[in-house]
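1. coordinates for the following, if possible.
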Amino acid sequence: MSVLAAKRHTGHEHVDLIFGGPPCQGFSAIGRRDKTDPRRTLLEHFFRIISEVRPSAFVMENVEGLLFSNSIQELEKATAHAAGYHLLPTVVLNAANFGAATNRRRAFVIGYDPDLSAPFDWSDFETAKESPTTVRDAIAELKAPVAIGQDRQGFDVWRLRKRAKQSEYSLALSSPDG
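-> Prediction:
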């Protein structure tokens, strides 16, 4: 994506933030981490886009396998495209520590252009931390299904009942203050 393409897609001369997560399959600890997986090259393309569009800041999220010894050199090569950006130290964060109903550890690379953005560091994110929520709280308002019989092939047929009471978690997500 060029600056011209960014302008065409956003209608603005400047992009404030790019947030992305290149495909992780080639770096995942539960995968093969195949060095020939073409999806691994998309990591470098993410940072190439950063260098072309020149947003004020960017966030790149991926699996923590990206930081393993057999992958870290690819991250270092890719971030070389972010010349002129101040890069925060790469960290692994757990979504549960930010109020999510999941235990998902992810690597984050964050950078900002010191000429376009006020400086910040990881301590600025401490105020966003929240207690984990439970899956029960996260899905409490989903309609409860009731089995009403079987179809001709013998599969159960379900009907959804009225919506359950909205949980505190769901209320917080749907409030304007988020």
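2. what about residue 54, neighbour count?
-> Using other C-beta atoms under 10 Å, residue 54 is surrounded by 18 other residues. Placement of C-beta: from N, CA and C, glycine included.
3. for it, give me the pLDDT.
-> For residue 54, the model assigns a pLDDT of 92.
4. so it sits against residue 112, correct?
-> No. Look at residue 54 against residue 112 with C-beta atoms under 8 Å: they stay out of range, at 11.4 Å.
5. any idea how far residue 19 is from the most centrally placed residue in the chain?
-> By C-alpha atoms, centre = their mean, the chain has its centre lying nearest to residue 61, at 5.2 Å. Remark: distance between residue 61 and residue 19 (C-beta to C-beta, to the nearest Å) = 8 Å.
6. what do you get for residue 98?
-> The value you get for residue 98 to residue 19, if C-beta to C-beta is used, is 15 Å.
7. same question, residue 103
-> Counting by C-beta to C-beta, the gap from residue 103 to residue 19 is 22 Å.
8. surely residue 23 touches residue 39?
-> Yes. In terms of C-beta under 8 Å, residue 23 counts as a neighbour of residue 39; the distance is 4.0 Å.
9. more neighbours: the two, which one.
-> Neighbour totals were compared for residue 23 and residue 39, and residue 23 leads with 17 against 13 (other C-beta under 10 Å).
10. how would you label residue 111: helix, strand or coil?
-> On the three-state scheme (DSSP: H, G, I helix; E, B strand; the rest coil), residue 111 is labelled strand.
11. residues contacting it?
-> Each residue near residue 111 by C-beta atoms under 8 Å, 6 or more residues apart in numbering is listed here: 50, 57, 58, 79, 82, 85, 86, 87, 88.
12. what about the last one, neighbour count?
-> The number of residues packed near residue 88 is 17, by other C-beta under 10 Å.
13. for it, report the pLDDT, please.
-> Listed pLDDT for residue 88 reads 94.
14. how about the first one?
-> With respect to pLDDT, residue 50 has a value of 94.
15. list of residues touching the helix or strand encompassing it?
-> Counting by DSSP states H and E, the element that carries residue 50 is helix 42-53. The contact list for helix 42-53, computed with C-beta under 8 Å, 6+ apart, reads 1-3, 6, 15, 18, 20, 22-23, 27, 58, 60, 62, 66, 74-75, 77-83, 85, 111.
16. put the buried members of those residues into a PyMOL selection.
-> Buried subset of the contacts of helix 42-53, written as a PyMOL selection, criterion 16 or more other C-beta atoms under 10 Å:
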select buried, resi 6+15+18+20+22+23+27+58+60+62+66+74+75+78+79+81+82+85+111
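17. for this protein, which segments are assigned as strands?
-> In the chain, the strands defined using DSSP state E lie at 17-20, 57-63, 86-87, 91-94, 105-112, 145-150, 156-160.
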